[in-house]
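Asks: Mind folding the following:
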Amino acid sequence: MGRAYEVAVREQAALGEGPTWDPAAEHLIWVDILASRIHTYAPASGRRTVMATEQHVGAAKPRAGGGLVVNLRDGVGLYGPGGSSFGWLVRDPVPGRRGNDAAVAPDGALWAGTMRYDEAPGGGSLARVAPDGTVTEQSGEVSVSNGTGWSPDGRLMYYVDSPTRRIDVFDYEGQHALNRRPFAHIEAGAGFPDGLTVDAEGCVWVALWDGAAIRRYTPDGRLDRTVELPVRRPTACAFGGPDLRDLYVTTARTGLVRPHPLSGSVLVVPDAGRGLPGVAFAG
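Replies: Residues are numbered from 1 along each chain as shown. Next up, the predicted model:
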């Protein structure tokens, strides 16, 4: 039996993160947080682009009118098409803190997370950023805000605060995430949950930092599938391609004394399932 993964982009990213399929451009967007770079990759042509940002960039997502919304060190910013312009939507610098993972909700708002560089407990946050820049903080302690995603019907929101070793689930009503509760636990020794995505069957895929694997959990929280990877630190996953059947996985090499040659690359699990169509940021 052959290996489950292939190499999509051979790279040495320090902290590759946030894969997102842009159907309009037919390419994958991903970031290297610590190198302050936004990458794109078009599987059909192999074309790649790299754009520098002025700050560490935790996530970059398509905007409905073109361009990108970005979760930066000091807040949330907006790029015009092709990086032609930049402006702050929300600027709220906190010393020692940076933007981390983010996701666009079914209503077109951005749910943006933060963390402290030293990963201090309680030093992070999770907030809803509306298209007009209105910020609503999610209550509850957060340390390292990571994966966020929604069920196919939009009634559940899944969320990872990595040090908890859990995927949690909320009831999602209108613009609010309520009734947080555990969905799945990652056992000691299996790594820490990082970025996640939800497929068309309502199953949750999560990357395991220091676990060298990605996992799929059924809607009732049962472990359904494990895909082992050669790299120790997969960071996030997302479905892409024209039919949303290929699962792309970003990886990191930061902090590793002897990283695998593919650490920092983007891997892909072909025909892993079927993803949900993404929603562009409405601002």
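
Asks: wait, doesn't Pro182 sit right on Phe170?
Replies: No - using C-beta atoms under 8 Å, Pro182 makes no contact with Phe170, being 11.3 Å away. For glycine as for every other residue, the C-beta is placed from the backbone atoms N, C-alpha and C.

Asks: between the two, which one's more packed in?
Replies: Phe170 (20 against 12; other C-beta atoms under 10 Å).

Asks: what's near enough to touch the more buried one?
Replies: 156-159, 177-181 (C-beta atoms under 8 Å, 6 or more residues apart in numbering).

Asks: most neighbours, which of these?
Replies: Tyr159 (28 neighbours).

Asks: what helix or strand is that one on?
Replies: strand 156-161 (DSSP states H and E).

Asks: which helices and strands does that strand pack with?
Replies: strand 145-150, strand 166-173, strand 176-185, strand 192-198 (3 or more C-beta pairs under 8 Å, 6 or more residues apart in numbering; DSSP states H and E).

Asks: Just give me how far it sits from the chain centre.
Replies: 12 Å (C-alpha atoms, centre = their mean, to the nearest Å).

Asks: before we move on, what about stretch 111-130?
Replies: 14 Å.

Asks: related to what we said a few turns ago, name the nearest of the contacts of Phe170 relative to Gly80.
Replies: Met157 (29.3 Å; C-beta to C-beta).

Asks: beta partners for the closest one?
Replies: Trp150, Phe170 (DSSP bridges).

Asks: That one: what's it in contact with?
Replies: Met157 sits in contact with 105, 111, 148-151, 169-172, 177, where contact means C-beta under 8 Å, 6+ apart.
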